[in-house]
Every structure is written in C-alpha cells, then in structure tokens.
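Engineer: sequence first, then the predicted structure:
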Amino acid sequence: MSDFNTFAKEATEAMRAVFDQTPLQKNEHLSALYDADVWLKREDLSPVRSYKLRGAFNAMRKLPEQKSFVCASAGNHAQGVAYMCRHFGVKGRIFMPVTTPQQKIQKTKMFGGEQVQIELIGDYFDDCLKAAQAYCNAHSAHFLSPFDDEDVIEGQASVAVEIEQQLGRSPDHIILPVGGGGLSSGMISYFENETHFTLVEPLGGACLWSALIAGKPVKLDHVDTFADGAAVGQIGHRTWERLKNIGLANVLRIPEDRICLTMLDMLNVEGIVLEPAGALAIDALKDLGRSISGRQVVCVSSGGNFDFERLPEVKERGQRFSGVKKYLVLRMPQRPGALKEFLNLLGPEDDITRFEYLKKSARNFGSILIGIETKSAVMFEDFFKRLNDAGFTYTDITNDDIMAQFVV
C-alpha cells in the first residue's frame, strides 16, 4: 500500500468523527438505460451537499496551531471551509465572486456562523482568488486552496476510500467531474491502475483538456460559469502532475445545455437535486453508451447546491438543446389576415411561448419574435416546410448566442 493510500484512509477514518460516509446507491433507472451496473456516489448528500468539506477537513486538521484560514470559492469549497471553521473553532475569511448564486452565499453564512466573514469581490473566480491571495500576503494568513493542495487532494481521495469500502472492491469504471482537479487527482492516485476512469468537464471550462493539448497547465481565455462547481480557468499545478497521463481519450467535454437535460431527468425521474457540475458524471453516460455495457460503473454526483430560482433557465436551456423549443424572427407582411395565415401553419402540438410584434408605419413588412415549443424536435421539420411553402421569410435564432442574450 502506498503512503498516499495510507494517509487517505487515515483521513477517512478521522472524518467519521465529524460526518458519516455518503451513500453509494445502485440506480435501477440508469442501469436499465445503459445495460450496466450503475451506482451513484451521492456527494450531494454530504452535510454541505458536496465533497468539498473532505479536503477542507483534512487540510485544517493537519494545521492544529493555525487559528485562521482564507479561501476563494464559487460556492462549494466556501461551504466546506465554513463548516470546518465552525467545527474546529477557527476563523475564516471567504472570498467569493459577486456572481455566486445567493443560495450558496447564504448556506456559507449558515455553516460558518460567527466564525467566518464573507467578501464578495469580482465577477469570476480568478478575481476573488487574486483578492484572497493578496489578503494572505498582507496579513500572513493561511490560504486554503480549493484543489491545488496536497492535503486537500488527500482529503478528496476519501471518496475513493469509501467507494472501495462500500463495494468491497474497486469498480470497473469510475466517472467523475473535473474542475481544478482535486477530486479526480485524489481518486486516481488512490486507485492507480485498479479501475478505468472517465473525467468529465463542462465544455465552457475544459481546463484539463486544454492542458493535455498544450502539455502543461494553460489559462483559458473565457470560462462559462453555468456549471460553476467545475468552471475553472486553469488546472492546478499539483493536480496536473497527477492527471497529465490520463490521456485525451478518457476526458469528455459536455455542452452546458445538455447537462440541463440530465439535471431535469434526475429531478423528475429520481427526485435527485443536482447542480450543473454535480450532473456531469451522469450526463457522460450518454457518450459512453454501449462501451460500459455489463460493467460496474460508479458516477460521482459531486454536488447538489442548486438554487431553484434557476430552474426556468435550466428547463429553457435543455429544451433548446434537445430541439423542442425554437426562437424565430419572422418577416410578416403588414396586411390584414397575414398573422392568421401564419397561425394556421402551426401544428396541434405546437405552443407559442413568446410573441412580440412591432408594426411600423409606412413599411410593408414587420418583424415578429416568436418562441415555439413542441413535443418532438422532428415536428419542426414539417413546420419549416409549411412556412417555406407559404412564402414566409424567417430566421432561426435559437442557437445564435449573441441574439439569445438579448431576446431569450
């Protein structure tokens, strides 16, 4: 047994004095869907609804003389640190982006109580990271990285320890999300060559993929923060050393809008609430398909800190990705009866969800912004044919990101 595995097991045992192991549950719905033995490691059911308190606990327990900690986080690491600050009776100063969902800010305050102070700085994680590090330099405080710290990596490896204990063996295949790489590098280091790994990133924050292409950690030019729990601009240097041999074939990039479909499916079918990053591993099953048939597969559902005020956005993005909802700009003749002609082209399953019509004087045509929702994406093929045959001019702006920012 390696020293790393010994230390990971010691950390796992020490955690039991603070919180119970998270459940490892066989999922019959996913198992039947993919003809595999699919299990979910429910990190969304930890005391802070993510695995992040594991690394925070391990790092802080190894610094018993330290009375204050500083961290930067988009939410989950902040909650883990806050929870452990209260447990150990130490002070914490937590830097979070201004754009952090209110649900995560409030939960951080609740877990930390009077032990923590929250600073909201910048729009992105990198902004509050710089502010946190500057504060540490000015006040000689201890910075607790969300992922690029050996003790944090060792603590996150406790997820692997529990999976092995709960199954009685290492599974055939483990699927887990990647942000900065703390969880993935800890689990890969623990299991080494005993199981196959698939690492999953959001398409708009694929920092591991970019590092593998470049052969070193690189900073992404832009990060889509929708999957904020895994939206990191650059893989950690320590985590990179543990992940650099994973191979591109074992790394998947998932479009943010597709993640929404999995979030909705897990909520509606299983009653499981997942945040976008927490649904990444389950969503990856769609890409792996028949390759996992007959195998024992563990998906790590890494977090469930979801603000239900975002549910309409999740539904909207999922519908657009699946093709059952579209937005059109329609050129409408300004004559009596033209609108009725258009409405008659709609099918019995088509529903108008948005309609804006601006009639301008002294013009022969006006423009309509229209949103249409239907039961199946294939229904739009017949609808567009009817539009073309009737001589209507239109532009499909559903996947035009610039237009969507203004009208959707």
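Structural biologist: That came through fine.

Engineer: need the contact list for the residue nearest the centre of the chain.
Structural biologist: Computing the C-alpha centroid of the chain and ranking residues by C-alpha atoms, centre = their mean puts A277 first, at 1.6 Å. Counting by C-beta atoms under 8 Å, 6 or more residues apart in numbering, A277 makes contact with 177, 179, 202, 227-231, 302-303. In short, each C-beta sits where N, CA and C put it, glycine included.

Engineer: wait, M15 sits on A157?
Structural biologist: No: the criterion here is C-beta atoms under 8 Å, and M15 misses it with A157 at 11.4 Å.

Engineer: of those two, who's got more company?
Structural biologist: A157 (29 against 20; other C-beta atoms under 10 Å).

Engineer: what is the burial count for the closest residue to that one other than its chain neighbours?
Structural biologist: Among residues not flanking A157 along the chain, G186 sits closest, at 3.4 Å (C-beta to C-beta, 6 or more residues apart in numbering). By other C-beta under 10 Å, 31 other residues sit near G186.

Engineer: next: the one 4 residues further on.
Structural biologist: Applying the criterion other C-beta under 10 Å, we find 26 residues in the vicinity of Y190.

Engineer: next one: D307
Structural biologist: 15.

Engineer: distance of it from E316?
Structural biologist: 15 Å (C-beta to C-beta, to the nearest Å).

Engineer: pLDDT of whichever helix or strand K326 is part of, averaged?
Structural biologist: Using DSSP states H and E, K326 sits within strand 325-333. In this model, strand 325-333 has a mean pLDDT of 91.

Engineer: please name every helix or strand in contact with it.
Structural biologist: Applying 3 or more C-beta pairs under 8 Å, 6 or more residues apart in numbering; DSSP states H and E, one finds that strand 325-333 contacts helix 311-322, helix 338-343, strand 351-358, strand 365-373, strand 393-396, helix 401-407.

Engineer: below-threshold pLDDT in the chain: ranges please.
Structural biologist: Within the chain, the segments meeting pLDDT under 70 span 1, 359-363, 404, 407-408.

Engineer: please name the residues that touch T225.
Structural biologist: Contacts of T225 by C-beta under 8 Å, 6+ apart are 74, 99, 124-125, 204-205, 231.

Engineer: return the subset of these lying in strands.
Structural biologist: Using DSSP state E, no member of those sits in strands.

Engineer: as TSV, those residues with distance to A32 would be great.
Structural biologist: Compiled in TSV, these are given as follows (distance: C-beta to C-beta, whole Å):
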residue	distance to A32
A74	35
T99	39
Y124	41
F125	38
G204	31
G205	31
A231	32
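
Engineer: for the nearest residue to Q79 once chain neighbours are set aside, give its distance to F111.
Structural biologist: Computed as C-beta to C-beta, 6+ apart, the closest residue to Q79 that is not its neighbour in sequence is V48, at 4.2 Å. To F111, V48 is 6 Å away according to C-beta to C-beta.

Engineer: same thing with L387?
Structural biologist: From L387 to F111 the distance is 54 Å (C-beta to C-beta).

Engineer: chain center to the longest helix seen in the chain: distance?
Structural biologist: The longest helix of the chain (DSSP state H) is helix 125-139. Put simply, helix 125-139 sits 24 Å off its chain's centre (C-alpha atoms, centre = their mean, to the nearest Å).

Engineer: so after that helix, what's the next helix or strand?
Structural biologist: Taking DSSP H and E, what comes next after helix 125-139 is strand 142-143.

Engineer: now do the contacts for the residue nearest to T398 when sequence neighbours are not counted.
Structural biologist: The shortest distance from T398 to any non-neighbouring residue, by C-beta to C-beta, 6+ apart, is to K326 (4.5 Å). For K326, the contacting residues are 320, 371-372, 380, 396, 398, by C-beta under 8 Å, 6+ apart.

Engineer: 7 Å instead?
Structural biologist: K326 makes contact with 372, 380, 396, 398, according to C-beta atoms under 7 Å, 6 or more residues apart in numbering.

Engineer: one more: R42?
Structural biologist: Applying C-beta under 7 Å, 6+ apart to R42 gives the contacts 22-23, 25, 301.

Engineer: tabulate those (JSON lines), appending distance to D257, neighbour count and secondary structure.
Structural biologist: Formatted as JSON lines, the contacts of R42 follow (distance: C-beta to C-beta, whole Å; neighbours: other C-beta atoms under 10 Å; DSSP: H, G, I helix; E, B strand; the rest coil):
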{"residue": "T22", "distance to D257": "28", "neighbour count": "23", "secondary structure": "coil"}
{"residue": "P23", "distance to D257": "29", "neighbour count": "14", "secondary structure": "coil"}
{"residue": "Q25", "distance to D257": "27", "neighbour count": "16", "secondary structure": "strand"}
{"residue": "S301", "distance to D257": "19", "neighbour count": "29", "secondary structure": "strand"}
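
Engineer: and the end-to-end length of stretch 352-364?
Structural biologist: 24 Å (C-alpha to C-alpha, to the nearest Å).

Engineer: what segments of the stretch 151-300 of the chain are strands?
Structural biologist: 173-177, 196-202, 251-254, 296-301 (DSSP state E, counting those that start in this stretch).

Engineer: just checking, what packs against the third one?
Structural biologist: Counting by 3 or more C-beta pairs under 7 Å, 6 or more residues apart in numbering; DSSP states H and E, the packing neighbours recorded for strand 251-254 are strand 196-202, helix 207-214.

Engineer: closest one to I292 among the ones you listed?
Structural biologist: For the helices and strands packed on strand 251-254, the distance to I292 is smallest for strand 196-202, at 9.0 Å, taking C-beta to C-beta.

Engineer: show me which of L387 and F111 is the more surrounded one.
Structural biologist: F111 (22 against 18).

Engineer: thought that one was touching A82?
Structural biologist: Yes: because the distance of 4.2 Å satisfies C-beta atoms under 7 Å, F111 is recorded as touching A82.
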